[in-house]
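>>> Sequence and predicted structure, then a few things I'm wondering about:
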Amino acid sequence: MKEVKRPWGKEKHFIFNTKCTVKILIVKPKQMLSLQKHKKRKELWYFLSDGFVQIGNKKRKIKKGHAVSIKRNQAHRIIADKKEVKVLEISYGKFEQKDEIRLEDKYGRNKLSFKKEKFN
């Protein structure tokens, strides 16, 4: 993410002329994403609220307004504590749901269960 100062304030540039998918993730209190990795894409998470992230085996708190970069093949997840967590996710590269490899999942989904989920 690049920050550009302007006389009236600043701009936060996330991406330039690159194939990507952009979405907002909303994680309910006391919930978490599966621990997952992707072979074909990397991600940038921009936190719209405070939350927690796990990268590999390390967990840490992320403050609203901070970004986390996720490399290809890097295990990652978002974790919500007592409050809902909102994150702007930018996925760089070819976005395919079947590229998601679940390593752990508290909801009983395995790494191939994406085929059963509905995506619009």
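Okay, I see it.
>>> burial measure for the residue nearest to residue 76 when sequence neighbours are not counted, as a count.
Nearest non-adjacent residue to residue 76, counting by C-beta to C-beta, 6 or more residues apart in numbering: residue 70, 4.8 Å away. C-beta coordinates here come from the backbone N, C-alpha and C atoms, glycine included. Residue 70 is flanked by 22 other residues according to other C-beta atoms under 10 Å.
>>> With only the CA atoms kept, save stretch 11-21 in PDB.
Written as PDB, here are the backbone C-alpha positions of stretch 11-21 (Å, rounded to 0.1, in the frame of the first residue of the first chain):
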ATOM      1  CA  GLU A  11      -4.600   9.000  -0.400                       C
ATOM      2  CA  LYS A  12      -4.000   5.300   0.300                       C
ATOM      3  CA  HIS A  13      -3.300   3.500  -3.000                       C
ATOM      4  CA  PHE A  14      -3.900  -0.200  -2.800                       C
ATOM      5  CA  ILE A  15      -3.500  -1.400  -6.400                       C
ATOM      6  CA  PHE A  16      -2.600  -0.100  -9.900                       C
ATOM      7  CA  ASN A  17      -3.600  -1.700 -13.200                       C
ATOM      8  CA  THR A  18      -3.300  -5.300 -11.800                       C
ATOM      9  CA  LYS A  19      -5.700  -8.200 -12.100                       C
ATOM     10  CA  CYS A  20      -7.300  -8.600  -8.700                       C
ATOM     11  CA  THR A  21     -10.400  -9.400  -6.800                       C
END
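>>> where does the chain dip in pLDDT?
97, 111-120 (pLDDT under 70).
>>> in it, which spans are strands?
Using DSSP state E, the strands of the chain run over 2-6, 9-13, 20-27, 35-38, 41-47, 51-55, 58-62, 67-70, 76-79, 85-93, 100-104.
>>> now what about the second one, what contacts it?
Read it as strand 9-13. 1-4, 46 (C-beta atoms under 8 Å, 6 or more residues apart in numbering).
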